[in-house]
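Enquirer: any chance you can model this:
(chains A, B, C and D)
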Number of protein chains: 2
Amino acid sequence: MRAILPVVTADRALGERCCDPGTRSQYSSREAVRIADDFEVLSHPIRLQLLDVLARNEGRVCVCDLEAAVPVKQPTVSHHLKLLRAAGLIEREKVGLWAYYRVDRTALATLRKRLTDTLVQFA
Amino acid sequence: MRAILPVVTADRALGERCCDPGTRSQYSSREAVRIADDFEVLSHPIRLQLLDVLARNEGRVCVCDLEAAVPVKQPTVSHHLKLLRAAGLIEREKVGLWAYYRVDRTALATLRKRLTDTLVQFA
DNA sequence: GGACTATATTGACAACCTTCGATATAGTTA
DNA sequence: TAACTATATCGAAGGTTGTCAATATAGTCC
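Expert: Coordinates of the predicted model:
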């Protein structure tokens, strides 16, 4: 009972060029990088913990509070805060020697919408 | 007109320990890593483009199609497909010499819900 | 069988990211 | 003024990630 006839060879013969030109992404490389950056900033556990602490403490969270909340040293906390700030997700208010951070809830809502819209298209 | 009285020193004096123990993250390090991993897999432009192509071509997308859709070489395409598959976002069906990939829309919807829920808590 | 093809894996290299000690900056207190 | 404090920045070390040429694997065709 050996199969002599072509097995289920997927409607296409060997060597036959198979690539539809229609099979391109709707995203340009530039757009794809932009969306990837959105996800990137959220893809680190320390940054997620920092955002979480800021989100559940309206205003008034200083760096020493944040430092106590995550398992890395102060320069690393400052580094991640800088990235979050560069992404526009948090804001800083300096008072004397202290720096108080807060989430920008509007920016976060906008980001959430962008990411959700992206994922909706995939599923 | 020099200010002699304490400037707006933010209700706390220098050297006074400022960290509320109440200011902890609701996420354990382990949970934070898990959520970060969710974002991580989506944080690369090539992977986003691959997902996009797969999402708009129901089933039947072979690697050579995908290779034509993104600006990297075949081994790199295989590499990213492997990561997407490890994350459970896509599936592979092998037919003879070809490999056909498709998105797992259920998995993507689940991921979207997890990520959205996370972001809702922040904003 | 032998020549050929599609995809996966390996291994090397470069680029990037994370972390921290040390230091700089700038404000406070006395 | 000098001693002290909170945060930011610098620079180096180590780790991870992305990429590709080369090769391996496994299937097809004649």
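Enquirer: quote the end-to-end distance of stretch A:35-55.
Expert: Stretch A:35-55 has an end-to-end distance of 23 Å (criterion: CA to CA, to the nearest Å).
Enquirer: and the residue nearest the centre of chain A?
Expert: Nearest residue to the geometric centre of chain A (CA atoms, centre = their mean): residue A:39, 1.3 Å.
Enquirer: quick check: that one vs residue A:108, distance?
Expert: From residue A:39 across to residue A:108, the span is 14 Å (CB to CB, to the nearest Å). Glycine gets a C-beta too; all of them are placed from N, C-alpha and C.
Enquirer: list the helices and strands the lengthiest helix in chain A packs on?
Expert: The longest helix of chain A (DSSP state H) is helix A:105-122. For helix A:105-122, the contact count by 3 or more CB pairs under 8 Å, 6 or more residues apart in numbering or on different chains; DSSP states H and E identifies helix A:29-41, helix B:45-55, helix B:105-122 as packing neighbours.
Enquirer: next helix or strand past the shortest one?
Expert: This points to helix B:45-55. Next helix or strand after helix B:45-55 toward the C-terminus (DSSP states H and E): strand B:61-62.
Enquirer: contacting residues for the residue nearest to the centre of chain A?
Expert: Shown in contact with residue A:39 (CB atoms under 8 Å, 6 or more residues apart in numbering or on different chains): A:115, B:39, B:40, B:42, B:43.
Enquirer: got the contact list for residue A:121?
Expert: Contacts for residue A:121 (CB under 8 Å, 6+ apart) come out as B:52, B:55.
Enquirer: what's the separation between residue A:95 and DNA strand D?
Expert: Distance, residue A:95 to DNA strand D, using CB to the nearest atom of the strand, to the nearest Å: 9 Å.
Enquirer: ok, that residue - how many residues close by?
Expert: Residue A:95: 15 surrounding residues under other CB atoms under 10 Å in any protein chain shown.
Enquirer: hmm, residue A:76 is touching residue A:47, no?
Expert: No: the criterion here is CB atoms under 8 Å, and residue A:76 misses it with residue A:47 at 10.8 Å.
Enquirer: and the two? which has more neighbours close in?
Expert: residue A:47 (24 against 13).
Enquirer: count of neighbours near residue A:65?
Expert: Using other CB under 10 Å, residue A:65 is surrounded by 22 other residues.
Enquirer: which SSE is it in?
Expert: Using DSSP H and E, residue A:65 sits within helix A:63-69.
Enquirer: just residue A:93 next, same as before
Expert: Going by DSSP H and E, residue A:93 is part of strand A:90-95.
Enquirer: and that strand with chain B, contact?
Expert: Yes: looking at strand A:90-95 against chain B by CB under 8 Å from any CB of the partner chain, the contacts come from residue A:95.
Enquirer: now that strand against helix B:105-122, angle please.
Expert: On the basis of axes from the mean of the first three to the mean of the last three CA atoms, to 10 degrees, strand A:90-95 is oriented at 20 degrees to helix B:105-122.
Enquirer: convert the C-alpha atoms of strand A:90-95 to PDB, please.
Expert: Extracted in PDB, the C-alpha atoms of strand A:90-95 (Å, rounded to 0.1, in the frame of the first residue of the first chain):
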ATOM      1  CA  ILE A  90       5.800  59.300  33.800                       C
ATOM      2  CA  GLU A  91       6.600  62.800  34.900                       C
ATOM      3  CA  ARG A  92       9.000  64.300  37.500                       C
ATOM      4  CA  GLU A  93       8.600  67.200  39.800                       C
ATOM      5  CA  LYS A  94      11.700  68.400  41.600                       C
ATOM      6  CA  VAL A  95      11.200  69.800  45.100                       C
END
